[in-house]
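Student: sequence and predicted structure are below.
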Amino acid sequence: MKKLLVVFIFLCGFYSQSQEKKNVPLKNTQKGFFAVDYISVDMPTTVDGFNEIHMGLMGIHYNLAFDKFYTGLGMYGSVRGIRGGFFTLGVNAGFKNYLTDKVFIDTGIHFGGGGGAGAPDGGGAFILPHVNLGIQFKNFSFTTGYSYINFFDKGAIENQQLRLGLQIPINFSSANIKNSEQEFSGKELSTSTWSKKPIRTSFMLHLNNLSVVGNSKYGDGRSLAGSTIRLAGFELNSYINKNWFYFAKFDGAYDGIPAGYMNIILGAGYQFSFNNNKTNILTKFGMGAGGGGGVDSQGGVLLYPDISVEQHIVNNTYLSINKGLMMSPNSFFKSTTFGIGLKYYSNINGISEKSTDTKAVFKGIEVIIKQDAYLNAKRMTQPTENLHQISLQLNYHLNKNIYLAGQTSFANFGNAGAYAEGIVGVGLQSNYFMNNKINIFLQGLAGGAGGGNINTGEGFIIKPSVGFNYKLNSRLALRSTAGYIKAIGGALSSASISMGISYRISLLTTK
């Protein structure tokens with residue numbers, strides 16, 4: 001009897017431990033590739049007979065790969081000609097079919113919206129199909145071939161051209177969104193597929209001032225020197241090793257000049273750490289595209305040397321102050337920069353071998369592509385009509401019910417091709433209900449917007465909305481909103497609606 005009692009107690013203890021043991025989420029690896037491409041667009045002759053030089057458009061994309069099919073998102077910006085500040089956003093879809101082990105055919109289409117810099121872009125909607133031949137090398141592939149661009153919504157830009165491209169495979173790992181906020185120790189993950197070196201990343205929200213100097217001008221020839229362009233935006237950093245990193249920086253103007261200026265900068269930097277990693281000095285150099293808001297940046301290429309000082313505040317959050325230059329290569333446009341930001345560091349999709357006691361948590365991420373409509377959007381000189389735009393929103397879940405959001409949008413219908421937004425904010429969402437299919441949310445966003453004759457004053461807007469998600473599967477959900485957009489200092493004051501699709505995953509994060 002005593003032996004049976006001992007066995008019973010042992011089995012109860014074993015059962016209890018097995019019940020308390022947490023199941024480590026399944027790791028899914030998604031194949032994909034980063035791509036850059038360049039096209040030279042023959043611009044139409046103006047009504048007064050002016051033959052404009054070609055506009056060079058540089059594109060950056062990320063595509064998810066599914067066997068031969070791929071789909072993703074991309075942006076284009078002017079880097080040559082006289083249309084600095086011309087930007088677009090769109091979606092990609094295509095097929096890659098290998099003819100040999102090294103040679104493939106790449107056919108696809110890009111659909112999007114955008115424009116700017118006084119270009120004849122109409123409502124902004126355009127298509128860009130291509131048929132390219134590619135050569136696969138060890139770590140990248142090169143493509144070249146035919147493409148065709150058409151701003152078909154009352155725009156005058158239509159041209160066939162050569163397209164040059166470079167593709168670099170970049171895969172990523174994730175877990176199901178339902179695993180978000182699950183917490184594990186390093187020891188619990190040490191024997192799982194998540195036990196590998198993490199990728200160090202950072203995300204920063206910042207305000208930047210461009211103090212314009214030199215012979216910088218507006219597009220109409222007036223001097224821009226002495227003006228201060230106030231920008232709001234965000235920056236993403238990913239570390240190659242302990243010190244070297246590359247970054248992407250996105251900014252839009254909200255004050256100082258007529259609305260519409262924005263810049264997108266890509267680059268690399270080196271970090272020096274002191275005081276037990278609580279104080280950092282970062283040197284950076286970037287290159288990208290910028291313009292709009294009446295600023296004459298010629299073709300749009302901008303250089304960005306910068307130095308930043310960061311000081312630890314709490315947890316993984318740092319206060320950052322930066323000083324640098326933003327200028328065209330020939331100094332036709334030149335400004336000094338001064339900014340301040342809040343930066344958050346995190347290690348993604350791995351755990352350190354030396355830190356088995358480290359706590360790791362899965363964080364929800366949403367990538368949303370949608371179509372917005374503003375009803376009766378007020379113009380400065382043109383008749384009032386509806387405005388439509390293609391929009392990209394990124395959500396980072398602080399917990400199950402609160403998320404941070406960043407959004408960029410570009411007009412594609414409604415006679416406002418140059419209109420664009422760059423806004424950030426916070427959202428609250430419910431848990432899923434109705435057989436775990438639907439949730440509702442409330443969010444408030446604010447930031448810079450302008451262009452396309454839309455009456456946004458100097459560019460600062462607020463954009464509250466409510467909406468719901470309808471879950472299609474573990475990764476995809478339909479998303480719809482209804483809300484309101486108001487320009488502070490401008491006449492834009494409209495009801496808004498949107499419909500789109502959300503791609504939802506969770507990433508393993510550690511401090």
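Tutor: That came in fine, so what should we check first?

Student: got phi/psi on the residue lying closest to residue 196 once chain neighbours are set aside?
Tutor: Excluding its sequence neighbours, the residue lying closest to residue 196 (Cβ to Cβ, 6 or more residues apart in numbering) is residue 350, at 4.6 Å. In short, each C-beta sits where N, CA and C put it, glycine included. Dihedral pair for residue 350: phi -180, psi 170, per degrees, to the nearest 10.

Student: can you count the residues close to residue 350?
Tutor: 19 (other Cβ atoms under 10 Å).

Student: what's near enough to touch it?
Tutor: 194, 195, 196, 197, 198, 199, 508, 510 (Cβ atoms under 8 Å, 6 or more residues apart in numbering).

Student: do I have it right that the last one meets residue 363?
Tutor: Think residue 510. No. Between residue 510 and residue 363 there is no contact under Cβ atoms under 8 Å: 10.5 Å.

Student: pull the most distant pair out of the contacts of residue 350.
Tutor: The most widely separated members of the contacts of residue 350, counting by Cβ to Cβ, are 195 and 199 (14.1 Å).

Student: for residue 207, see how far away residue 225 is.
Tutor: 22 Å (Cβ to Cβ, to the nearest Å).

Student: repeat for residue 253
Tutor: 11 Å.

Student: so what strands line up beside the helix or strand encompassing residue 248?
Tutor: Here residue 248, judged by DSSP states H and E, is contained in strand 244-255. Based on DSSP bridges, the pairing partners of strand 244-255 within the sheet are strand 228-239 (antiparallel), strand 262-274 (antiparallel).

Student: return the residues in contact with residue 110.
Tutor: 59, 74, 90, 91, 92, 127, 128, 129, 130.

Student: may I ask which helix or strand encompasses it?
Tutor: Per DSSP H and E: strand 103-115 holds residue 110.

Student: sheet partners, orientation included, of that strand?
Tutor: Short version: by DSSP bridges, strand 103-115 pairs with strand 87-98 (antiparallel), strand 126-136 (antiparallel).

Student: and the shortest one, how far out from the chain's middle?
Tutor: Between the mean C-alpha point of strand 126-136 and the mean C-alpha point of its chain there is a distance of 23 Å (Cα atoms, centre = their mean, to the nearest Å).

Student: residues making contact with it?
Tutor: Against strand 126-136 from outside (Cβ under 8 Å, 6+ apart): 39, 88, 90, 94, 96, 98, 101-114, 141-152, 155, 157, 163, 165, 167, 412.

Student: what is the mean pLDDT for it?
Tutor: For strand 126-136, the mean per-residue pLDDT is 98.

Student: before we move on, back to that, of the contacts of strand 126-136, buried ones?
Tutor: Among the contacts of strand 126-136, those classed as buried by neighbour count (16 or more other Cβ atoms under 10 Å) are 39, 88, 90, 94, 96, 104, 106, 108, 110, 112-114, 141, 143, 145, 147-149, 151, 155, 157, 163, 165, 167, 412.

Student: picking that back up, in JSON lines: the contacts of residue 350, plus neighbour count.
Tutor: What follows is the contacts of residue 350, written out as JSON lines (neighbours: other Cβ atoms under 10 Å):
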{"residue": "194", "neighbour count": "23"}
{"residue": "195", "neighbour count": "15"}
{"residue": "196", "neighbour count": "15"}
{"residue": "197", "neighbour count": "11"}
{"residue": "198", "neighbour count": "20"}
{"residue": "199", "neighbour count": "16"}
{"residue": "508", "neighbour count": "27"}
{"residue": "510", "neighbour count": "22"}
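
Student: can you tell me which of those residues lies closest to residue 185?
Tutor: residue 510 (10.4 Å).

Student: what sits against the closest one?
Tutor: 186, 198, 346, 347, 350, 351, 352, 355, 358, 359, 360, 361.

Student: same question for residue 92.
Tutor: 61, 63, 70, 71, 72, 73, 74, 108, 109, 110.

Student: also residue 366?
Tutor: Per Cβ under 8 Å, 6+ apart, neighbours of residue 366: 177, 393, 394, 395, 397, 403, 502, 503, 504.

Student: can you select the buried ones from the residues you listed in ChimeraX?
Tutor: Paste this into ChimeraX to select the buried members of these, with burial taken from 16+ other Cβ under 10 Å:
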select :177,393,394,395,397,403,502,504
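
Student: now the two most distant members of the contacts of residue 366.
Tutor: Based on Cβ to Cβ, the longest span within those runs between 177 and 393 and measures 15.6 Å.

Student: ok, residue 28 touching residue 174?
Tutor: Yes. Under the criterion of Cβ under 8 Å, residue 28 makes contact with residue 174 at 5.6 Å.

Student: what comes into contact with the helix or strand harbouring residue 470?
Tutor: Assigned by DSSP H and E, residue 470 falls within strand 460-471. The set of residues external to strand 460-471 that reach it, using Cβ under 8 Å, 6+ apart, is 254-255, 421, 423, 425, 429, 432, 436-449, 477-490, 492, 496, 498, 502.

Student: now with 6 Å, please.
Tutor: Strand 460-471 has contacts (Cβ atoms under 6 Å, 6 or more residues apart in numbering) with 254, 437-446, 449, 477-481, 483-488.

Student: separation between residue 358 and residue 410?
Tutor: 41 Å.

Student: give me the more crowded residue out of the two.
Tutor: With neighbours defined as other Cβ under 10 Å, residue 358 and residue 410 compare such that residue 410 has more, 28 against 17.

Student: where do the helices sit along the stretch 1-150 of the chain?
Tutor: Along the stretch 1-150 of the chain, counting by DSSP state H, counting those that start in this stretch, helices occupy 2-20.

Student: buried residues in stretch 211-227, which are they?
Tutor: By neighbour count on 16+ other Cβ under 10 Å, the buried set for stretch 211-227 is 211, 212, 213, 216, 217, 219, 224, 227.

Student: for it, what is the distance to the chain centroid?
Tutor: For stretch 211-227, the distance to the chain centre is 29 Å (Cα atoms, centre = their mean).

Student: just stretch 385-394 next, same as before
Tutor: 15 Å.

Student: using PDB, write out every CA atom in it.
Tutor: Provided in PDB are the C-alpha atoms of stretch 385-394 (Å, rounded to 0.1, in the frame of the first residue of the first chain):
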ATOM      1  CA  GLU A 385     -13.800  66.300 -54.400                       C
ATOM      2  CA  ASN A 386     -13.100  63.000 -52.800                       C
ATOM      3  CA  LEU A 387      -9.500  62.000 -52.300                       C
ATOM      4  CA  HIS A 388      -8.300  58.400 -52.500                       C
ATOM      5  CA  GLN A 389      -4.900  57.100 -51.400                       C
ATOM      6  CA  ILE A 390      -2.900  53.900 -51.000                       C
ATOM      7  CA  SER A 391      -1.600  53.500 -47.400                       C
ATOM      8  CA  LEU A 392       0.900  51.400 -45.500                       C
ATOM      9  CA  GLN A 393       0.600  51.100 -41.800                       C
ATOM     10  CA  LEU A 394       2.900  49.200 -39.300                       C
END
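
Student: got the buried residues for stretch 431-445?
Tutor: Residues of stretch 431-445 classed as buried: 432, 439, 441, 443, 445 (neighbour count, 16+ other Cβ under 10 Å).

Student: what sits against the third one?
Tutor: It refers to residue 441. Residues near residue 441 by Cβ under 6 Å, 6+ apart: 427, 429, 467.
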